[in-house]
Structures are given as structure tokens and as C-alpha cells.
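Participant: Quick one, fold the following:
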Amino acid sequence: MPRLHRWLPYQDSHTIHASRRNKLRQRSRVLILYSGEGGGFEGVNIIIAKATSIWTRSKASVMPSLPAIIEASTAGLCMNIPIVSGLAGMAEDYDLFILDLWGVVHDGVTVYPGAANCLRRLRRGGARVVLLSNAPRPSASVALHLVELGVAGDMYDWLLTSGEATASTIAADTIASGASGAGADARPAYFHLGPERSRPTLDACGGQEVAIEAAEMIICTGLFDDETEQAEDYRDLLSLAAARDLPMVCANPDVVVNRGGQIIPCAGAVAAFYEELGGTVQRFGKPFPDIFDRLFAESPEIPRSRAVMIGDALATDIRGARQAGIDAIWIGGGIHAEALALGPDGQLDQDKVHGVAAQAGERPKAILPWLQW
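Facilitator: Residues are numbered from 1 along each chain as shown. Next up, the predicted model:
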């Protein structure tokens, strides 16, 4: 694709004297990547922003229009992430609230103080509340766990997990293959890499569990013992699988999770290591668009402009929201709490907030220390 790279200084000859304009030219530039095909812009990166209006000397035949979206690509540049103490001030801005579970509603052991109250208030105000989790188990299984933790079914409208998306997709493929005449042979022979508590996901897949030597695929729901093992501990096993070109299905893209204050590796860490060894991976869950499409298919009356994702992980929750075209509210007290230097008082430092977000390339709408009203 042909490109025209041009450095275009900010200027406004009507309001800025020549000497001032020369200084701006030295300090403020915009890099335009122009695509010759279709006469449009491929992208714009602001390198240094020192003015509020952009003027250029280029003619319309060269620059037909400015792009609709301008991204800040330098750490902290043009970034303004408001630090707010609670959700109340934003409750009227949205009709659909999509909440992550781990790191937002609970830590796998206990529900965070204020989380249950938030859920109740949102529903009482007429909002639709959907829990969207990268848990590698079916939604019904996670719902039972929520009840045990104290999150009753009447606190939310719907629950969708990456485990549910994984199982339904594999089961649908199995049924389709069977309908075409393959019959029982269509059941995928898989090797399960993950804890026994993920058994409901395997049952819902409709396949047959076999040894790694006989497997056609790997279904990864985590590590066998995530409290003592790391992904690298499976090097021999995964090297064998990669040499056989076995595809891996990852039922949880999360790399780590905060469980009761302890950082635990997840299936996403195993999937990333498998790719390093040359294996191929298909992931289900956040940040990938498919799971958001499933969610919005259940709420077609709500436009994405009236939906917001509330999550703690920049790489999955916040990035997934951006890729789905919806706003995101960041919870600082989850897996990024240490990087943000979040203390027990809930105080967040603006520079640290911007730095951590910029490093991930994300810009959420706002940040809260914890989910609270």
C-alpha cells in the first residue's frame, strides 16, 4: 500500500505571531500516514501535542480530511483518566453494565466490600447487569460458586463465561460433523490440560478425553495445580504436542488472576508458552470480539454507545471493551494493584494510573480503586 509520510507543524496564522509560530513548528508536529488507495488516512499518531487546533498548509487534494479518531501513542500523552471514588456519578450514562468477576466482584474467595451493593443499585436503577468472566467453566457452574460467595442470582441479569463459549463452540462443531454423516467419529479426541474442577466444561464439549499421544487437540482450562506449577513445567509435554501440530483451545485467556491475594497462573499463560514452542492456539473469552458479540446478541435493544465494561485487567477487560466499541471503567484494586501502588486507603496516583495504562496502550473512561457505589 503506497504511503506518504509527511511532517505537518501546527499553525494558526490568524492568531499566532510569526516568532511564536516558529517555536510551535519546532516543538509540535503531527505525523500523518497517508494511504494512496481510496484517498483516506491509515492512521495518525500524535507525537507532541502543544496546541488545541490543528492547521496545515497541505491542500485538500493531498489531505481530503482529518481522521475521525486520533490516538495518543506516547506514554501519558493527551491521556486523562479521571480517578473517581464510586460508580454513582456514572450510573445514568449507561443502560448495560458488563462486569468482570475476578478482581472486580470477588477475588475467588470473598466478595469485595461494596460490590454486592453496586449490583443491587444498578439493577434497582433499571440498568441491565451482565457478568462476563474468563472463568473456564460453564456459566451454570460459575453461578453456583457465586451463590456460595454471597452473590445471588437476583443481583444480575445474565452470566456468560469463556468456558461456556468454549464448550458451546466445540459442541456445535461436533453436532455439525455428526449431522454430515460422521456420527460418533465426529466426537473430538482431546487431551485436557487443567484442574479437575473444570470437568463440567469437558462434559459440555461432547468430546472424548484421551492421552496426549492419541489426542487430536488440547483443551486447556488451566494448570493441573496452579498453586505450585508454572507454564514452563509443561515444556516436555507441550513440545511433544507442538511437534505433532496439535491445536490448543484455551478456555481462559487470562494469564494470571488474583485469588485471595495470591497471583495464580491461568490457562492464558500456558497458551502463550505453547505458542513460544511453535504451537497454535484458539482462545475464547475477553478480549476477543466473539464473546462480546454473543453478549450483545442477547441485548439487541441496547446500543453499544450505552454499554460499559467494568474490569481490572487492561489486557483483557479494557482492551476487549475498546475492540468491541464500548466504554470501559478500570478497577485499580485487581491484578494491577501493585503496579498502581494502591494502598489500603484506596488512593490512586494520577501519574502511575496514566503510566500503567499507557504501557498497555489503553485509555479507559475512568478508574475506581474498587467496585463501590
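
Participant: how much space between the residue most central in space within the chain and Ala360?
Facilitator: By C-alpha atoms, centre = their mean, the chain has its centre lying nearest to Thr316, at 2.2 Å. Taking C-beta to C-beta, to the nearest Å as the measure, Thr316 and Ala360 are separated by 10 Å. No exception for glycine: its C-beta is placed from N, CA and C like everyone else's.

Participant: Need the overlap of contacts for the two.
Facilitator: Common neighbours of Thr316 and Ala360 (criterion: C-beta atoms under 8 Å, 6 or more residues apart in numbering): none identified.

Participant: What score does the closest residue to the residue nearest to the centre of the chain other than its chain neighbours have for pLDDT?
Facilitator: Closest residue in space to Thr316, ignoring its immediate chain neighbours: Lys286 at 4.2 Å, by C-beta to C-beta, 6 or more residues apart in numbering. Looking at Lys286, its pLDDT stands at 98.

Participant: Helix or strand: which one has Lys286?
Facilitator: Counting by DSSP states H and E, there is no helix or strand that carries Lys286.

Participant: Test my guess that it contacts Asn134.
Facilitator: Yes - here Lys286 reaches Asn134: they are 5.6 Å apart, a contact under C-beta atoms under 8 Å.

Participant: what sits in contact with each of these two?
Facilitator: With C-beta under 8 Å, 6+ apart, Lys286 and Asn134 have common neighbours 100, 162, 253, 316.

Participant: among the residues you listed, which two are most distant?
Facilitator: Asp100 and Pro253 (12.3 Å; C-beta to C-beta).

Participant: residues shared between the contacts of these two?
Facilitator: 134, 286.

Participant: Now do the helices in this protein.
Facilitator: With DSSP state H as the criterion, the chain has helices at 18-27, 115-124, 139-149, 162-177, 199-205, 235-243, 267-276, 289-297, 319-324, 350-360.

Participant: Quick one: closest of these to Ala339.
Facilitator: It's helix 350-360; of the helices of the chain, that one is closest to Ala339 (C-beta to C-beta) at 5.0 Å.

Participant: pLDDT weak spots in this structure?
Facilitator: 1-78, 174-187 (pLDDT under 70).

Participant: Would you map out the domains in it?
Facilitator: With domains defined by automatic domain parsing, the chain comprises 3-72, 88-134+289-368, 164-283.

Participant: just the buried members of the shared contacts of Lys286 and Asn134?
Facilitator: 100, 162, 253, 316 (16 or more other C-beta atoms under 10 Å).

Participant: check contacts around Arg283.
Facilitator: Here Arg283 is in contact with 250, 253, 268, 271 (C-beta under 8 Å, 6+ apart).

Participant: Look up which residues are beta-bridged to it.
Facilitator: Cys250 (DSSP bridges).

Participant: and it, how far is that from Cys250?
Facilitator: For Arg283 relative to Cys250 (C-beta to C-beta), the value is 4 Å.

Participant: Same question for Gln208.
Facilitator: Taking C-beta to C-beta, one finds Gln208 at 20 Å from Cys250.

Participant: same deal with Asn117?
Facilitator: Using C-beta to C-beta, which is the criterion applied here, Asn117 is 34 Å from Cys250.

Participant: out of those two, which sits in the busier spot?
Facilitator: Cys250 (30 against 14; other C-beta atoms under 10 Å).

Participant: Am I right that the more buried one is in contact with Phe273?
Facilitator: No - using C-beta under 8 Å, Cys250 makes no contact with Phe273, being 11.1 Å away.

Participant: In contact with the residue nearest to Thr280 when sequence neighbours are not counted, which residues?
Facilitator: Leaving aside its sequence neighbours, Thr280 sits nearest to Pro247 (C-beta to C-beta, 6+ apart; 5.2 Å). Contacts for Pro247 (C-beta under 8 Å, 6+ apart) come out as 217-218, 279-282.
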